[in-house]
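Student: Have a look; sequence and predicted model below, questions after that.
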Amino acid sequence: MAVRRVLKMGEPLLRQVAAPVERFDVELEALVRDMNDTMRALNGAGLAAPQIGVSLRVVIFEVADNPRYPHLSPVPFTVLINPELTPLGTEQAEGWEGCLSVPGLRGLVSRYTHLRYRGVDAHARPIDRTVRGFHARVVQHEVDHLDGILYPQRIADLRDFGFEDVLGAQMSPMPD
Ligand code: NI
């Protein structure tokens, strides 16, 4: 079990474009294991490799009885490497997002509601899924990390940005 330090907004590595994974080896397996341990320890819905200081195109996510998102339907645990996203249609929806690299804060962000994503898992097996709602939101949030983008950069009106404990009831549940 290795829970790694999560980099916070302001650290230069979080602004870099991460490199594609080329070797599917034990080092990659160790990275995914550490990401998983870290995400679980912090009750995150997802984590991108740059958040633990590794600038590679690897994200993981899962929503299963997550105390931070009690109202959401489950998303299966996924290791997604070298992802490609294709929005299906132009429809977007607003939802309140948080991020382990931006602790204590929440912001309202528009994301595509319907999305196809492709990539491979840690054993280079292909993944090809069409998803909606919160699943689509999580994938867009995590893949943004690989391009050096944190969700505050996506907030249209910075009045919709604040501390989670203060916002409380002002935040409507995320669309599901
Ligand atoms: Ni994040």
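Tutor: Thanks, I have the structure now. Residues are numbered from 1 along each chain as shown.
Student: give the contact list for the closest residue to residue 124 other than its chain neighbours.
Tutor: Spatial nearest neighbour of residue 124, excluding adjacent residues (C-beta to C-beta, 6 or more residues apart in numbering): residue 24 at 4.6 Å. (C-beta placed from N, C-alpha, C; glycine too.) Applying C-beta atoms under 8 Å, 6 or more residues apart in numbering to residue 24 gives the contacts 120, 122-124.
Student: Give the burial count for residue 54, as a bare number.
Tutor: Applying other C-beta atoms under 10 Å, we find 18 other residues in the vicinity of residue 54.
Student: what about residue 92, how many neighbours?
Tutor: 14.
Student: For the closest residue to residue 140 other than its chain neighbours, grab the count of nearby residues.
Tutor: In this structure, residue 140 finds its nearest non-sequential neighbour in residue 111, 4.8 Å apart by C-beta to C-beta, 6+ apart. Number of residues near residue 111 (other C-beta under 10 Å) recorded here: 23.
Student: about what we covered before: check the secondary structure at the residue nearest to residue 124 for me.
Tutor: coil (DSSP: H, G, I helix; E, B strand; the rest coil).
Student: per-residue pLDDT, it?
Tutor: pLDDT, residue 24: 98.
Student: and it, how far is that from residue 88?
Tutor: 29 Å (C-beta to C-beta, to the nearest Å).
Student: Tell me the spacing between residue 135 and residue 90.
Tutor: 19 Å.
Student: who's more crowded, those two?
Tutor: It is residue 135, of residue 135 and residue 90, that has more neighbours when counted by other C-beta under 10 Å, with 22 against 8.
Student: which one's the longest strand in this structure?
Tutor: strand 75-87 (DSSP state E).
Student: helices or strands up against it?
Tutor: Contacts defined by 3 or more C-beta pairs under 8 Å, 6 or more residues apart in numbering; DSSP states H and E place strand 75-87 against strand 58-63, strand 114-120, helix 133-146.
Student: Please state the offset of it from the chain centre?
Tutor: Relative to the chain's own centre, strand 75-87 is displaced by 10 Å; criterion: C-alpha atoms, centre = their mean, to the nearest Å.
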